[in-house]
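>>> Here is a sequence with its predicted model. Questions after.
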Amino acid sequence: MTRWGQAFLVLAAFAQANAFVTPSVGTTAAVTAKSPITSKPSELAMSTKPADVYGEESRKYRRTVYTHNEWVKHRSPDRFWKNLRTLSESGIYKSLAKEVVATTLVATFVCLYNGLVNGYTDLGGTQHPAVINGLLVAGLPLTPFSLLTPSLGLLLVFRTNSSYKRWDEARKAWGLNINHTRDLARMATAWYGNYKNQEGTEFAGAETPRMEVIDPVKREEDLKRVSLCTWAFVRSMKRHLSPPAEDEEDFKAELYERLPADQAEKIIAATHRPNRALHDLSCAIDRLPMHFMRKNQINDAVTIFEDTLGGCERLLSSPVPLFYSRHTARFLSVWLLLLPFALWEPFKGSWNHIAEIPATTLTTICLFGIEELATQLEEPFTILPMQGFCDKIGANCDETVSWAGSGETKDVYMAETEPLVEQKTYRIGGGVAPKN
């Protein structure tokens with residue numbers, strides 16, 4: 001490559017610095033993510049926003065939810081070109097502006113300083129002597145960096161793996177919430193009014209209470225209460241795991257909109273809101289007319305909610321050990337800040353060793369980018385679409401409990417004067433007929 005070609009390469013590298021500079025007011029960057037499971041598109045879809053939202057404020061726009069359409073785009077053969085084309089729009093790279101500028105300035109200083117004390121070549125190819133005599137060339141041997149590279153790689157791998165496991169654990173905890181809220185609503189709806197155990201027998205020969213025909217209005221109220229209390233728990237859990245400034249007002253508004261005012265006030269006033277919501281859910285389950293063994297099985301789901309809540313609280317309050325994270329960050333910072341001194345000699349074939357500047361910049365982006373990914377993943381809750389999960393749970397539970405009273409077959413009971421000796425079936429709009 002000619003000297004003019006090398007000079008052009010360096011200028012192009014400096015031009016790429018706009019990927020790490022916040023555009024002026026009026027410059028926008030758009031990232032779109034669509035989800036069918038949330039009623040709040042601002043949580044799961046990023047409309048056009050000023051680029052200065054990157055950083056802490058950008059986390060709310062990373063709550064991606066994939067459907068089949070998104071997976072098709074994800075597998076697109078054009079994805080590599082698209083990733084390169086949108087390099088300057090990357091939020092991760094924008095977060096690395098300070099680190100990239102620091103190491104690039106060090107590399108620039110090494111080139112300028114050594115050019116002054118060791119001589120330089122102008123654009124015409126003429127060699128000039130040192131401007132300042134008596135000073136040593138700034139340089140370090142490359143061998144120590146080569147020896148330390150495997151250790152640095154292991155630290156970064158462990159850092160990213162640990163952070164991803166935390167994100168994965170949080171996502172699985174919410175997956176359990178989704179699964180067992182469905183399970184709870186299904187069992188409550190299907191077993192409402194059934195005082196027999198799963199084998200169809202009475203418990204321990206105890207006297208079976210005489211039953212009355214189920215009031216459809218009461219059934220609807222009881223199941224609706226269970227559905228709302230289930231939603232109130234996951235919504236309280238979402239608020240418990242979210243920054244107050246982001247979610248407090250929305251949380252209060254949603255509770256007052258969906259719950260009775262006194263119940264909403266008690267949850268809001270509670271010291272531990274998810275616990276209060278679970279208490280309300282347990283009370284709603286206890287009011288259901290069914291065999292106590294069936295209630296116990298439904299309450300198993302409530303116990304799982306306690307476990308997922310406790311697991312998420314552990315992740316929120318206990319980061320990856322700070323001494324490990326800090327040592328990795330310090331190791332990486334010192335390694336990259338000193339790297340330009342070691343690259344002086346290997347790049348002697350370029351014009352005035354200037355190719356080490358873009359090489360340092362690229363290395364910084366790659367290695368600090370890995371560390372930045374780990375940091376972003378370490379606290380998973382502000383990048384998980386928890387609002388979408390809550391809306392999905394609420395919609396699923398409401399739909400499940402609505403099946404009672406929508407023309408479905410219902411279980412009812414014998415007349416008051418008869419003991420419970422067999423189960424009969426009642427269809428809305430029809431008569432009572434014995435089971436076959």
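Yes, it's here.
>>> quick one, strands of the chain?
Ranges of strands in the chain, per DSSP state E, are 28-31, 46-50, 120-121, 127-128, 409-412, 424-427, 432-434.
>>> Worst mean pLDDT among these?
Within the strands of the chain, confidence is poorest for strand 28-31, with a mean of 33 (mean pLDDT).
>>> what's the closest non-adjacent residue to Lys224?
The shortest distance from Lys224 to any non-neighbouring residue, by C-beta to C-beta, 6 or more residues apart in numbering, is to Val401 (6.1 Å). C-beta coordinates here come from the backbone N, C-alpha and C atoms, glycine included.
>>> How many residues are close by that neighbour?
When counting by other C-beta atoms under 10 Å, one arrives at 24 neighbours for Val401.
>>> go on, Ala253?
Ala253 is flanked by 11 other residues according to other C-beta under 10 Å.
>>> Any stretches of the stretch 201-350 of the chain with poor pLDDT?
The stretch 201-350 of the chain contains residues with pLDDT under 70 at 201-213.
>>> and if we set it to 90?
The stretch 201-350 of the chain contains residues with pLDDT under 90 at 201-218, 245-246, 289-294, 349.
>>> Helices of that one, start to end?
Assigned by DSSP state H, counting those that start in this stretch, the helices in the stretch 201-350 of the chain fall at 216-240, 244-258, 261-269, 273-286, 292-317, 322-343.
>>> For the fifth one, name the packing helices and strands.
Using 3 or more C-beta pairs under 8 Å, 6 or more residues apart in numbering; DSSP states H and E as the contact criterion, the secondary-structure elements in contact with helix 292-317 are helix 143-191, helix 216-240, helix 273-286.
>>> Okay, angle between the last one and helix 143-191 too, please.
Looking back up the chat, that one is helix 273-286. Relative orientation of helix 273-286 versus helix 143-191 (axes from the mean of the first three to the mean of the last three C-alpha atoms, to 10 degrees): 30 degrees.
>>> buried residues in helix 273-286?
Going by neighbour count (16 or more other C-beta atoms under 10 Å), the buried part of helix 273-286 is 273-281, 284-285.
>>> and if you look at stretch 179-198?
Applying 16+ other C-beta under 10 Å to stretch 179-198 flags 180-189, 191-196 as buried.
>>> per-residue confidence at the residue nearest the centre of the chain?
Nearest to the mean C-alpha position of the chain, by C-alpha atoms, centre = their mean, lies Leu384 at 2.4 Å. pLDDT for Leu384: 93.
>>> likewise Gly124?
At Gly124, the model reports a pLDDT of 85.
>>> Leaving aside the residues adjacent along the chain, what's closest to Ala102?
Excluding its sequence neighbours, the residue lying closest to Ala102 (C-beta to C-beta, 6+ apart) is Leu337, at 6.9 Å.
>>> Now for the nearest residue to Trp344 once chain neighbours are set aside: which residues touch it?
Take Trp344 and drop its neighbours on the chain: the residue closest to it by C-beta to C-beta, 6+ apart is Gly139, 4.5 Å away. Counting by C-beta atoms under 8 Å, 6 or more residues apart in numbering, Gly139 touches 110, 114, 341-342, 344-345.
>>> Would you list the phi and psi of Ser90?
The phi and psi values for Ser90, taken as degrees, to the nearest 10, are phi -70, psi 130.
>>> just to revisit the earlier point, ok, the residue nearest to Trp344 to Leu223 distance?
Between Gly139 and Leu223 the computed distance is 76 Å (C-beta to C-beta, to the nearest Å).
>>> same deal with Leu147?
Remark: distance between Leu147 and Leu223 (C-beta to C-beta) = 67 Å.
>>> Could you do Met237 as well?
Distance from Met237 to Leu223, by C-beta to C-beta: 22 Å.
>>> can you check Trp231 too?
13 Å.
>>> Quick one: the helices and strands packed on helix 292-317 as a markdown table, columns for distance to Glu249 too.
Below are the helices and strands packed on helix 292-317 laid out as a markdown table (distance: least, C-beta to C-beta, whole Å):
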| stretch | distance to Glu249 |
| --- | --- |
| helix 143-191 | 22 |
| helix 216-240 | 10 |
| helix 273-286 | 15 |
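>>> What is the neighbour count of the residue nearest to Ala102?
Residue neighbour count, defined by other C-beta under 10 Å, stands at 17 for Leu337.
>>> Just give me how far stretch 74-91 sits from the chain centre.
The chain centroid and the centroid of stretch 74-91 are separated by 21 Å under C-alpha atoms, centre = their mean, to the nearest Å.
>>> and Thr143, how many neighbours?
By other C-beta under 10 Å, the residues close to Thr143 number 9.
>>> pLDDT score for it?
The model's pLDDT for Thr143 equals 94.
>>> repeat for Lys172
Note for Lys172: predicted pLDDT of 96.
>>> Pro380 versus that one, what's the distance?
For Lys172, the distance to Pro380 (C-beta to C-beta) stands at 11 Å.
>>> the more surrounded of those two?
Pro380 (24 against 12).
>>> Could you tell me the end-to-end distance of stretch 64-77?
One end of stretch 64-77 to the other measures 21 Å (C-alpha to C-alpha, to the nearest Å).
>>> returning to what we had before: I'd like the helices of the stretch 201-350 of the chain written out as a markdown table, with distance to Asn161 added.
Formatted as a markdown table, the helices of the stretch 201-350 of the chain follow (distance: least, C-beta to C-beta, whole Å):
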| stretch | distance to Asn161 |
| --- | --- |
| helix 216-240 | 26 |
| helix 244-258 | 28 |
| helix 261-269 | 38 |
| helix 273-286 | 29 |
| helix 292-317 | 15 |
| helix 322-343 | 12 |
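>>> Quick check: which of those is buried the most?
Of the helices of the stretch 201-350 of the chain, the one with the most neighbours on average (mean count of other C-beta atoms under 10 Å) is helix 216-240, at a mean of 22.
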